[in-house]
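**Q** Sequence first, then the predicted structure, then my questions.
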Amino acid sequence: MRWGVVVFPGSNDDQDTLWAIEQVLCEPAVRLWHKDTDLQGVDVVVLPGGFSYGDYLRCGAMARFSPIMEKVIEFANRGGLVWGICNGFQVLCEAGLLPGALVRNRDRRFVCAMSYVRVEETDTPFTHLCRRGEVLRIPIKHGEGCYVADAATLERLERNRQVLLRYVDSNGRATREANPNGSLGNIAGVVNEGRNVFGLMPHPEHAVEKWMGSDDGLKLFQSVIAAQRGAGAADLTAVAPGH
Amino acid sequence: MRKFTAAFVRLPEEESVRARVFVMPKKEVLDPQGKAVARSLHALGFTEVGEVRVGKLIELELRASDRHQAAERTEAMCRKLLANGVIEDFSFEIEE
């Protein structure tokens, strides 16, 4: 399977994402420039972290209208896997591929820390190698990561089980203290109704080797790989990192 | 007889108009910037200050045949790019 990592002017986690895919997971990947209009036949598109277009106007607002995004939106609407990390999550919300929006952190501070996130749902291509309720340690680094949506949208997200990750403490409890940015419902990651578009604020590409402090992010990458290979989740748990 | 090249001919039907677009966080969306400003104002002795909300002012120049068309175009810009309807409300003024 082939991964595509979109590079916007101002993206800065594109290289780390490519490194995780190519060097750690040994999967082929291509870089997709924001001005490209061809997805080069990739099986999954990653919108990486960073500050696309300098975060001007609103995070992700400009990137959403770059030429490559038209193709990404078409790809997503055909059921293609699209994964937005941090700024990528903001771009997906701006593009309307995911509901809600990400605004300034509750405490107005940029947060750069290890976070604990609980896997809420496992029936998606992004999380099927995780256990329901499993707590992953994945770093966050953002100034605008407070997830908001109106009450009706939140209710729909919960009803459709679209919240995939929630900020928790080390014991897996979604408390206010464990919420680093004020996100409603401690939401750290959501999937669309079709379960093929996933956005999250934590950076799984920065948790793919033990020396990084955690390799829990691997499970998300490996889930995508396994899903693309069309294999059953049960057979593949053996190759998931040993936790 | 004087001849004018195209560059000298002004389009009579189009004029330059200035629009001022105000983008504000929706009432129900937390505005930590506004809260911080309110706290600072209180600390400076402006105790009469209640709620503060911080938004954006965007000024733009556009060509339009009349104010009505300018307003229509500005509204389209707000809906498409300048404001995010999930978290922000907008309003605007058209000046000559």
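**A** Looks like it came in fine.

**Q** Give me the mean pLDDT for stretch A:96-107.
**A** Averaging pLDDT along stretch A:96-107 gives 96.

**Q** tell me, what residue is most central in chain B?
**A** Nearest residue to the geometric centre of chain B (CA atoms, centre = their mean): B:Val21, 0.9 Å.

**Q** measure that one to chain A for me?
**A** B:Val21 is 11 Å from chain A, where distance means CB to the nearest CB, to the nearest Å. Heads up, the C-betas are built off the backbone N, CA and C, glycines and all.

**Q** Buried residues, the helix or strand hosting that residue. List them.
**A** According to DSSP states H and E, B:Val21 maps onto strand B:15-25. Within strand B:15-25, the residues scored as buried using 16 or more other CB atoms under 10 Å in any protein chain shown are B:17, B:19, B:21-25.

**Q** Near chain B, which residues of chain A? Just list them.
**A** Taking CB under 8 Å from any CB of the partner chain, the part of chain A that reaches chain B is made up of A:57-58, A:61, A:65, A:93-94, A:99-101, A:103-108, A:146, A:148-150, A:182.

**Q** circling back to that earlier point, how far away from the center of its chain is the strand holding B:Val21?
**A** Distance of strand B:15-25 from its chain centroid, counting by CA atoms, centre = their mean, to the nearest Å, is 3 Å.

**Q** repeat for stretch A:90-110
**A** Put simply, stretch A:90-110 sits 12 Å off its chain's centre (CA atoms, centre = their mean).

**Q** How about stretch A:55-74?
**A** Remark: stretch A:55-74 is offset 16 Å from the chain centroid, using CA atoms, centre = their mean.

**Q** Same check on stretch A:74-81?
**A** 16 Å.

**Q** got the end-to-end distance for it?
**A** One end of stretch A:74-81 sits 11 Å from the other (CA to CA, to the nearest Å).

**Q** Please identify which helix or strand holds A:Cys93.
**A** Using DSSP H and E, the element containing A:Cys93 is helix A:87-94.

**Q** Name the residues of stretch A:35-52 that come out as buried.
**A** Buried residues in stretch A:35-52, counting neighbours by 16+ other CB under 10 Å, are found at A:36, A:39, A:42-52.

**Q** next one: stretch A:86-95
**A** For stretch A:86-95, a neighbour-count test (16+ other CB under 10 Å) marks A:86-95 as buried.

**Q** Confirm A:Glu70 sits in a helix?
**A** Yes: using DSSP: H, G, I helix; E, B strand; the rest coil, the assignment for A:Glu70 is a helix.

**Q** Was I right to think it contacts A:Thr37?
**A** Yes: using CB atoms under 8 Å, A:Glu70 makes contact with A:Thr37 at a distance of 7.3 Å.

**Q** Could you export stretch A:163-171 as PDB, keeping only the C-alpha atoms?
**A** The C-alpha coordinates for stretch A:163-171 follow below in PDB (Å, rounded to 0.1, in the frame of the first residue of the first chain):
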ATOM      1  CA  VAL A 163     -15.400  10.100  19.100                       C
ATOM      2  CA  LEU A 164     -12.400   7.800  18.700                       C
ATOM      3  CA  LEU A 165     -10.000   9.300  21.300                       C
ATOM      4  CA  ARG A 166     -10.600  11.200  24.500                       C
ATOM      5  CA  TYR A 167      -8.000  12.900  26.800                       C
ATOM      6  CA  VAL A 168      -7.800  10.900  30.100                       C
ATOM      7  CA  ASP A 169      -5.500  10.700  33.100                       C
ATOM      8  CA  SER A 170      -3.000   7.800  33.400                       C
ATOM      9  CA  ASN A 171      -5.800   5.700  34.900                       C
END
